[in-house]
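> sequence-free structure coming up:
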């Protein structure tokens, strides 16, 4: 699915997402009363993006027309809506249902500065919001959750008990991208939402935490850049994924690329349905108590190393690795088996073993 | 140019011209085009009033506001108009000036003009008045609470009591204990709720209510000035004042300036509404942001839902969120509450 954002700002752009291969498209978040967007409002540092307040500039009335265009051919269109009270949110959702939306995503977790607390950190409030919407529409309702919550599984549970059909996780994370130290200017003029590859580990953890605690369909979101990232989310329990920033940076062709790569991978592996792989990594995800401590230490097969990097030596916080000419010398007495050397070596020379 | 002349010029009957205007799908494309061209060339516009009589539809709605001089109602009116404009409707704006007789007269007049619906803002009408409108099959929607106990009408409102509670709570959190309230005599029910919120916040903190700290005033800048003077003259002058509208705060702050009392150093203020000027006065006014434009937008939507027969639930209530806009007049430096 393509996540809520300005790349899905109207009927025409939604059609582009669908034509590029998206299974479903989520509209840019629709609010009761539009405001002019601030300028500038998106910043990017090469890996992650910050945005401030990306809501639809099209009023509810206009979405009737846009939804007609979006739904003019095949494709599933999900309306992203956001409001501050249950009755306001339910009314918006009803409007979108009337206009032809196939489902609703509740944007309850926007981290933008609206002088109001992020609702998604409060399970009771999420319950009230979701329940009021579910009572007023017949189409499925999912809630978009935030990593800015003490316990995301509890919030997902609240969505389920309120009658929600699913959750999506995670929304952007409240951030300040940086500060120009000459002008003392923050990159953007207010707090915003962080997205892109840097938040993927947060998204993966959130999806896994929900999948392990609550039986509810999950759409994984956060930093998906290729088909492998899609599979990571699915293997940690997601039934679907949402992609946003990668489309924003690379264009709609990114959708086609990921879909093609996924199909190719599935063909090679003989995978026919998502459920064959969904949650398959969860069984390898243990609690601390369950992890068996084996006395493994860092090993290499060939000690000769002509690389000039010294990465392993610098990164060995236990002082168990040194370099003698072009030979790597390990001290297995000092090595505690932390495993960092296996990640820092550009040639992947290290492994942990008995 | 009238419809007969158009018909003559286009070489068709009056009925055909009428059909082009009202049921264009029933006219052959060639004929339709020819007639539309004649209409355009002769700059003919149909008589909308007559059209309303025939079709029982005038594409106009009535909007009754309590006081045109209070900018908060203008923001609401803009919200209503924004939606009406998109629906190709015209809004007839009536200024009831806080008098129920004037309001009733305007309602009569709107009904005679066959408006398609009426929006009442913080109205003084009683339930039987509203029932009277509904009996004529004209939908009614309320923005803000009525004085009378009106039932079975869609309404968009805010939680005035909760909002006032938060505002006074904010003053208590800064450290003030001697907190007064200046409330407008209108809109009556909403301001009563604000007094309740004020009292609740004080009670929770064990602060004794003082009768002389609860001042009624006309809901205008002048009203605020006069009520503030009464507070200035008290033996034990309050250290903070919560007002039920920004206009009242403007008047009261003006009175403080005239008496050499520094805001917020000697007396702090929190207003209500967040009209645009509240960000421009000195010191900038801390106030409860009432989503006025949004209330107008939602009110109009609720009305069109009934006009377009899209809504069966005719007593839908939509509660909108207000929030505290922390600026300078409350004497509070920390801004984190404003940002998040």
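That came in fine, so what should we check first? Just so it is clear, the structure is predicted and the values come from calculations on it, not from any experiment. Residues are numbered from 1 along each chain as shown, chains lettered A, B, ... in the order given.

> from now on I want contacts and neighbour counts done on CA atoms only, so please keep to that.
Fine.

> where in the chain is pLDDT low?
The chain I'm using is chain A. A:111-117 (pLDDT under 70).

> you answered for a different chain; I wanted chain B.
Residue ranges of chain B with pLDDT under 70: B:46-55, B:333-340.

> now do the helices in it.
Secondary structure of chain B (DSSP state H): helices located at B:3-10, B:14-22, B:29-41, B:48-55, B:71-86, B:100-112, B:127-135, B:160-174, B:188-204, B:221-232, B:246-258, B:292-307, B:336-339.

> which among those helices is found nearest to residue A:285?
Proximity to residue A:285 (C-alpha to C-alpha) singles out helix B:336-339 among those, at 38.0 Å.

> so what's residue B:115 up against?
B:57-62, B:138 (C-alpha atoms under 8 Å, 6 or more residues apart in numbering or on different chains).

> same thing but 6 Å
The neighbours of residue B:115, taking C-alpha atoms under 6 Å, 6 or more residues apart in numbering or on different chains as the test, are B:60-61.

> how many residues are close by residue A:278?
Look at residue A:278: counted by other C-alpha atoms under 10 Å in any protein chain shown, it has 19 neighbours.

> any idea how far it is from chain B?
37 Å (C-alpha to the nearest C-alpha, to the nearest Å).

> that older thread, dump the helices of chain B to CSV, plus distance to residue A:107 and mean neighbour count.
Compiled in CSV, those are given as follows (distance: least, C-alpha to C-alpha, whole Å; neighbours: other C-alpha atoms under 10 Å in any protein chain shown):
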stretch, distance to residue A:107, mean neighbour count
helix B:3-10, 52, 16
helix B:14-22, 42, 16
helix B:29-41, 46, 15
helix B:48-55, 42, 13
helix B:71-86, 23, 20
helix B:100-112, 40, 17
helix B:127-135, 37, 16
helix B:160-174, 24, 22
helix B:188-204, 30, 20
helix B:221-232, 40, 21
helix B:246-258, 32, 23
helix B:292-307, 18, 24
helix B:336-339, 19, 14
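
> closest to residue A:286 out of those helices?
Closest to residue A:286 of the helices of chain B is helix B:336-339 (C-alpha to C-alpha; 38.7 Å).

> residue in the stretch 201-350 of chain A nearest to chain B?
Proximity of the stretch 201-350 of chain A to chain B (C-alpha to the nearest C-alpha) peaks at residue A:202, 21.9 Å away.

> tell me which element that residue falls in.
Assessed by DSSP states H and E, residue A:202 sits inside helix A:200-213.

> and the helix or strand that that helix is followed by, what other elements does it pack with?
Per DSSP H and E, the first helix or strand lying C-terminal to helix A:200-213 is strand A:218-221. Applying 3 or more C-alpha pairs under 6 Å, 6 or more residues apart in numbering or on different chains; DSSP states H and E, we find strand A:218-221 packed against strand A:166-169, strand A:240-242.

> quick one, which of the ones you listed is packed in tightest?
strand A:166-169 (a mean of 26; mean count of other C-alpha atoms under 10 Å in any protein chain shown).

> that strand: what's the following helix or strand?
In N-to-C order, the element after strand A:166-169 by DSSP H and E is strand A:173-175.

> would CSV of the helices and strands packed on strand A:218-221 with distance to chain B be doable?
Formatted as CSV, these follow (distance: least, C-alpha to the nearest C-alpha, whole Å):
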stretch, distance to chain B
strand A:166-169, 21
strand A:240-242, 26
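
> quick one, phi/psi of residue A:21?
Phi and psi for residue A:21, reported as degrees, to the nearest 10, are phi 120, psi 10.

> quick one: residues contacting it.
Listed by C-alpha under 6 Å, 6+ apart, the contact set of residue A:21 reads residue A:256.

> hey, where'd the strands end up in the stretch 51-200 of chain A?
Listed in chain order, the strands found in the stretch 51-200 of chain A under DSSP state E, counting those that start in this stretch are A:76-81, A:103-106, A:141-145, A:166-169, A:173-175, A:179-180, A:185-186, A:192-196.
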